[in-house]
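*Asks:* Compute the structure for the input listed below.
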Amino acid sequence: MLRGLKLLHDNGITHGDLNPNNVILDEEGHAFIGDYTFLSVREKSKKAQPEPTYMSPEQLKKESIGLSTDTWSLGCILHELCCLKVQYKLSNSLHMKRRVTQSNLRKLNRRNIMQRAYQRHIAKS
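*Replies:* Residues are numbered from 1 along each chain as shown. The predicted structure is shown next:
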């Protein structure tokens, strides 16, 4: 799936609707991206109205989308795979829009994450 997304992005293409329903598994368990309904060949497009749970902040604000849109959606899918629950499952789409677009999202500090993981590992040993 990541290779397919990289191929799209390397060619300036935004999928615009990444969600678990658009991930197809073959008999060997390989994941492929499907449903290219909202595909955008331009760098930025206002075309896509995908599955709300996986919409990026720019989609919820009805702003132009780009490659970061697919990155956000992929992050939502990975969160769901790891935690076995969706990040934002709100019944009211307006509430979800506020939650996603007005959240104070911190940038991940990779060094701090690695240090904390190492410290937890040492503490368990």
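*Asks:* drop to CA atoms for contacts and neighbour counts, all remaining ones
*Replies:* Will do.
*Asks:* how many other residues sit next to Asp26?
*Replies:* By other CA atoms under 10 Å, 8 other residues sit near Asp26.
*Asks:* got it, and Leu25?
*Replies:* So Leu25, with other CA under 10 Å, has 13 neighbours.
*Asks:* Could I get the pLDDT score of it?
*Replies:* Among the per-residue scores, Leu25 holds a pLDDT of 91.
*Asks:* so it touches Ala31, yeah?
*Replies:* Yes - using CA atoms under 8 Å, Leu25 is in contact with Ala31, at 4.6 Å.
*Asks:* So which residue is smack in the middle of the chain?
*Replies:* Most central in the chain under CA atoms, centre = their mean is Ser73, positioned 1.7 Å from the mean C-alpha point.
*Asks:* By residue count, what's the longest helix in this protein?
*Replies:* helix 67-83 (DSSP state H).
*Asks:* Now do that one, average pLDDT.
*Replies:* 90.
*Asks:* about what we covered before: pretty sure the residue nearest to the centre of the chain contacts Met55?
*Replies:* Yes - in terms of CA under 8 Å, Ser73 counts as a neighbour of Met55; the distance is 6.3 Å.
*Asks:* tell me, what's touching these two both at once?
*Replies:* Counting by CA atoms under 8 Å, 6 or more residues apart in numbering, the residues touching both Ser73 and Met55 are Asp17.
*Asks:* Glu51 and Asn19: what is the separation?
*Replies:* 7 Å (CA to CA, to the nearest Å).
*Asks:* Pick out whichever of these two has more residues nearby.
*Replies:* Asn19 (21 against 14).
*Asks:* contacting residues around that one?
*Replies:* Neighbours of Asn19 in contact, by CA under 8 Å, 6+ apart: Glu51, Tyr54, Ser73, Leu74, Ile77.
*Asks:* out of those residues, what pair is the most spread apart?
*Replies:* Within the contacts of Asn19, Glu51 and Leu74 form the most distant pair, 12.7 Å apart (CA to CA).
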